[in-house]
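Enquirer: Provided below are the primary sequence and the corresponding predicted coordinates.
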Amino acid sequence: MFCFQCEQTAGGAGCAQVGVCGKEPEVAALQDLLVYALKGVSQYAHRLRRLGLVDREADLAVVEGLFTTVTNVNFDPVRLEARLREVVTLRDRLRADYKAASAALDALAGPAEWQPAETTDGLLDQAEAIGIEARTDALGDDVVGLQELLTYGLKGMAAYADHALILGQEADAVFAFLHEALDFLTLEAPSVDALLAMNLRCGEVNFKVLALLDAANTGAYGHPVPTGVRTTPVAGKAILVSGHDLADLAALLEQTAGTGINVYTHGEMLPAHGYPELHKHAHLAGHYGHAWQLQWGEFAMFPGPILMTTNCIQEPLESYRDRIFTAGLVAWPGIAHCAGRDFAPVIAAAQAAPGFGQTDADEKPLTVGFGHEAVLGVAPVVIDAVKSGALKRFVLIGGCDGAKPGRNYFSELARALPDDSVILTLGCGKFRVNGHDYGTLGGLPRLLDMGQCNDAYSAVKVAMALAEAFGCGVNDLPLSLVLSWYEQKAVCILLTLLWLGIRDIRVGPSLPAFVTPAVLGVLVEKFALKPIGKVAGDLAAMVG
């Protein structure tokens, strides 16, 4: 195997034995083949669309298939192989539809005609021929690096699109672009310029996806409002929900109403407390734990079952293996899966578990809910503070958290910022900066939690509104962006920010292994993208 799609790759170069995430070579190979087969689906779906024929099954297959291959989602080779073969069957049907619909056929090869081996071992051999190393030998580091940048951007976009779809928000233009981009990735000799342009288009379309997801979440659960969240336990039976999927949490809250079971959020579910339609459930008792990479210790200590939604799962330890459940696209071999949002097994496990024995009186709440509606609702106060000189800089510190050393940079930067600055945060990177009292500025908290990683849309909305209020461009605002990254959703967020023309973004703790020096040079030249450095030097550059 060879994989370098996340930030924690072995040696900062790539995982060749077992992924740092726990991905076995068999899983890595099947995921590579699944993406390859999805390209074949899109080769036909893209051309059928040009003929006016839209295929719903193809649209959904690409969204769910790409999301399945995002880091920390599906580790189950049996389910992956089954999905792979379903996708190939779909591709074959699309091929027949294309031949029936057009007299002037494009000559398609590669994924469009690939046939999977009949055995799993045969599939593993096939995966080597289409893997990153084989393509690098044929095309070179720069081209393959940009291909992977686009692929990972598409994976992140698909994850956000899937969340929006679940809540009834979609756009045909998004499906069309996914097919177009996957078809583009089958070109034999793409130019670096064409690849860069397609990556920026990915950022553009992802902005639309983020808007859809924002509309989906706020339409279903209301606009977030500033809300204090309990971070210590309440006596009673308990269920812990991790991941990102608000619809899973909402369904669980409905199903546990009146049972006496308290529900706690974990990781990126923390912002759920700010949504009025979720917060109204009294048994949404609080938040437990921190970011995803600490789950082994935190899940082992939790006295009830754990429900994993979307990406974030690590190999379950024996101490809680019989009380962790997956939902949606998440899978781990041997772990019970809840299909169709039927959480009866989770509820039964909670009733059988001891729960928390007593209520902890030493409460240290976290405040969430500063989405774009909440922040823009106090825009006049913010604008006056900037004009008076009381507020000199906004610093967005957010993104993904992770276990790789170097992430203490974000904590140190937040605490070193002067008192005349406001810190915006989002994603599970928030756990590097929250839990500390930064005080207030102009009657507002100096730390504003804007939500999950997908709520980068809120941050952009706020930045654009402030730029309009001050009559300047976003890059002229007293705003600095410092982003941590781990997986593919962070990649598509970065592509969106670059498409918006936002410059001087700092990224860390390390740069993607798939971004070659030559590609990095282009990004530095066009967008002044910067690797994070030392806190003192970066701070001086930002606030000086």
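Expert: That came through, no problem. Residues are numbered from 1 along each chain as shown.
Enquirer: how near is Arg503 to Leu51?
Expert: 41 Å (CB to CB, to the nearest Å). For every residue, glycine as well, the C-beta is placed using N, CA and C.
Enquirer: of the two, who's got more company?
Expert: More crowded of Arg503 and Leu51, by other CB atoms under 10 Å: Arg503, with 16 against 11.
Enquirer: Can you tell me the centre-most residue of the chain?
Expert: Centrality entry for the chain: nearest residue to the mean C-alpha point is Lys489, 3.4 Å, by CA atoms, centre = their mean.
Enquirer: could you check the distance from Leu146 over to Ala194?
Expert: Distance, Leu146 to Ala194, using CB to CB: 9 Å.
Enquirer: Check Ala467 too.
Expert: Relative to Ala194, and taking CB to CB, Ala467 is found at 31 Å.
Enquirer: before we move on, what about Phe4?
Expert: Phe4 sits 22 Å away from Ala194, taking CB to CB as the criterion.
Enquirer: Between those two, tell me which one has more neighbours.
Expert: More crowded of Phe4 and Ala194, by other CB under 10 Å: Phe4, with 21 against 14.
Enquirer: Contact partners for that one?
Expert: By CB atoms under 8 Å, 6 or more residues apart in numbering, Phe4 lies in contact with 13-15, 132, 148, 512-514.
Enquirer: Going through these, which ones are buried?
Expert: Buried members of those, scored by 16 or more other CB atoms under 10 Å, are 14-15, 132, 148, 512-514.
Enquirer: Now intersect those residues with the helices, please.
Expert: Residues of these located in helices (DSSP state H): 132, 148.
Enquirer: which one among the buried ones among the contacts of Phe4 gets closest to Glu315?
Expert: Of all those, Glu315 sits closest to Cys15, with 14.5 Å by CB to CB.
Enquirer: can you tell me which residues contact the closest one?
Expert: Listed by CB under 8 Å, 6+ apart, the contact set of Cys15 reads 1-4, 9, 23, 28.
Enquirer: Okay, and the beta partners of it?
Expert: Legend: beta-bridge partners of Cys15 under DSSP bridges are Cys3.
Enquirer: mind checking how far it is from Val35?
Expert: Distance check for Cys15 against Val35: by CB to CB, it reads 17 Å.
Enquirer: Then Ala10?
Expert: For Ala10 relative to Val35 (CB to CB), the value is 21 Å.
Enquirer: Among those two, which residue is more densely surrounded?
Expert: The residue with more neighbours, out of Ala10 and Val35, is Val35; 22 against 15, by other CB under 10 Å.
Enquirer: Where does the more buried one fall, secondary structure wise?
Expert: For Val35, the enclosing helix or strand under DSSP states H and E is helix 25-50.
Enquirer: For that helix, what is the distance to the chain centroid?
Expert: Put simply, helix 25-50 sits 21 Å off its chain's centre (CA atoms, centre = their mean, to the nearest Å).
Enquirer: Give the other helices and strands that that helix contacts.
Expert: Here helix 25-50 touches helix 56-68, helix 77-101, helix 120-130, helix 172-184, going by 3 or more CB pairs under 8 Å, 6 or more residues apart in numbering; DSSP states H and E.
Enquirer: how about the ones you listed in a markdown table, adding mean pLDDT, distance to His287 and mean neighbour count?
Expert: Output for the helices and strands packed on helix 25-50, formatted as a markdown table (pLDDT from 0 to 100; distance: least, CB to CB, whole Å; neighbours: other CB atoms under 10 Å):
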| stretch | mean pLDDT | distance to His287 | mean neighbour count |
| --- | --- | --- | --- |
| helix 56-68 | 98 | 25 | 21 |
| helix 77-101 | 97 | 30 | 17 |
| helix 120-130 | 96 | 40 | 15 |
| helix 172-184 | 98 | 32 | 20 |
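Enquirer: Could you export those to TSV, including columns for distance to Glu315?
Expert: Listed next are these as TSV, based on distance: least, CB to CB, whole Å:
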stretch	distance to Glu315
helix 56-68	18
helix 77-101	14
helix 120-130	21
helix 172-184	30
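Enquirer: Looking at those, spot the one closest to Ala331.
Expert: Ala331 sits nearest to helix 77-101 of all the helices and strands packed on helix 25-50, at 5.0 Å, using CB to CB.
Enquirer: Local confidence estimate at the most far-flung residue of the chain relative to its centre?
Expert: Residue farthest from the centre of the chain, counting by CA atoms, centre = their mean, is Ala103 at 41.6 Å. Looking at Ala103, its pLDDT stands at 82.
Enquirer: Ok, the one 3 residues further on next?
Expert: The predicted local confidence for Asp106 comes out at a pLDDT of 90.
Enquirer: Show the model's pLDDT score for the residue nearest to it when sequence neighbours are not counted.
Expert: Using CB to CB, 6 or more residues apart in numbering and skipping the chain neighbours, the partner closest in space to Asp106 is Arg47 (6.2 Å). Looking at Arg47, its pLDDT is 97.
Enquirer: For Arg47, give its distance to Ala158.
Expert: For Arg47, the distance to Ala158 (CB to CB) stands at 20 Å.
Enquirer: Can you give me the neighbour number for Trp426?
Expert: Careful, residue 426 is Leu; it's not Trp. Neighbours of Leu426 (other CB under 10 Å): 28.
Enquirer: residue contacts, it?
Expert: Leu426 is in contact with 396, 398-399, 449-453, 455-456, 458-459, counting by CB under 8 Å, 6+ apart.
Enquirer: and the residues you listed, which of them are in strands?
Expert: The members of those that map onto strands under DSSP state E are 396, 398-399, 449.
Enquirer: Most neighbours out of the residues you listed, which is it?
Expert: Ranked by the number of neighbours (other CB under 10 Å), the ones in strands among the contacts of Leu426 place Gly398 first, at 31 neighbours.
Enquirer: was I right about Leu466 contacting Val382?
Expert: Yes. Contact criterion CB atoms under 8 Å: Leu466 and Val382 qualify, at 7.3 Å.
Enquirer: if we can go back for a sec, so which of the helices and strands packed on helix 25-50 gets nearest Ala414?
Expert: Nearest to Ala414 among these is helix 56-68; the distance by CB to CB comes to 31.1 Å.
Enquirer: Need the residues that contact the closest one.
Expert: By CB under 8 Å, 6+ apart, helix 56-68 touches 31, 34-35, 37-38, 41-42, 44-45, 48, 73-74, 80, 83, 86-87, 90, 94, 154-155, 157-159, 161-162, 165, 175, 178-179, 182, 329.
Enquirer: ok, now how distant is Leu124 from Gln31?
Expert: Going from Leu124 to Gln31 by CB to CB gives 12 Å.
Enquirer: Neighbour count: Arg47 and Ala158, which is higher?
Expert: Legend: neighbour count by other CB under 10 Å for Arg47 and Ala158, higher for Ala158 (28 against 21).
Enquirer: Over to the more buried one: give its phi and psi.
Expert: Phi and psi for Ala158, reported as degrees, to the nearest 10, are phi -60, psi -40.
Enquirer: Would you check that it makes contact with Phe177?
Expert: No. The criterion here is CB under 8 Å, and Ala158 misses it with Phe177 at 10.9 Å.
Enquirer: Which residues are in contact with each of these two?
Expert: Counting by CB under 8 Å, 6+ apart, Ala158 and Phe177 have no contacts in common.
Enquirer: dump the residue contacts of the closest residue to Glu81 other than its chain neighbours.
Expert: Distances taken as CB to CB, 6+ apart put Leu30 closest to Glu81, at 5.7 Å, once the chain neighbours are dropped. Taking CB under 8 Å, 6+ apart as the contact definition, Leu30 lies against 77, 80-81, 84, 123, 127.
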